[in-house]
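In: The following comprises the amino acid sequence and a computationally predicted model.
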Amino acid sequence: MHMNDRKIRVLMAKVGLDGHDVGVKVVARGLADAGMEVIYTGLRQTPQTVVQTAIQEDVDIIGISLLSGAHMVFIPEILRLLKENRAEDINVFCGGVIPVEDIAELKKLGIKEVFVAGSSMKDIVGCVKEAFQARHERQRKGQNDA
């Protein structure tokens, strides 16, 4: 199957003790309705389980939902573990209750995009598709250079 014919695989996760999952389920459903294959890990995941599942499931994108205020703890750890496992080419998005003043820092760390309350499903789907295309362009160039 050609890369362009493959469904985008997205892992959606709730990290930490946050028990509110309505938003992440709405986003997961929206991505699935847009034709993506979505794996939802459920509540109270650790950064380690998120990264392990992402690698095992061969996902293109990880979406992290955070409402607990612990984004500056969990996101850097997820990015570190991806790099440690040589999987830093998996794009990471996050959303939820994220203070505007933290968005630039999260992007500097390597988050592809931050979606705050009120973000449109159209914008989320568009960003995920764009990140997927860019990832596979990089992979294709890497194969051609080999």
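Out: Thanks, I have the structure now.
In: Output the below-cut-off pLDDT ranges for this protein.
Out: 1-5, 143-146 (pLDDT under 70).
In: So which residues of it form helices?
Out: 22-33, 47-56, 71-84, 100-109, 121-145 (DSSP state H).
In: Let me have those in JSON lines, extended by distance to I62 and mean neighbour count.
Out: Where C-beta positions appear, they are placed from N, C-alpha and C, glycine not excepted. Listed next are those as JSON lines, based on distance: least, CB to CB, whole Å; neighbours: other CB atoms under 10 Å:
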{"stretch": "helix 22-33", "distance to I62": "12", "mean neighbour count": "17"}
{"stretch": "helix 47-56", "distance to I62": "5", "mean neighbour count": "18"}
{"stretch": "helix 71-84", "distance to I62": "7", "mean neighbour count": "18"}
{"stretch": "helix 100-109", "distance to I62": "13", "mean neighbour count": "12"}
{"stretch": "helix 121-145", "distance to I62": "10", "mean neighbour count": "14"}
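In: Make JSON lines out of those and add distance to G16.
Out: Converted to JSON lines, the helices of the chain look like this (distance: least, CB to CB, whole Å):
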{"stretch": "helix 22-33", "distance to G16": "13"}
{"stretch": "helix 47-56", "distance to G16": "9"}
{"stretch": "helix 71-84", "distance to G16": "6"}
{"stretch": "helix 100-109", "distance to G16": "15"}
{"stretch": "helix 121-145", "distance to G16": "21"}
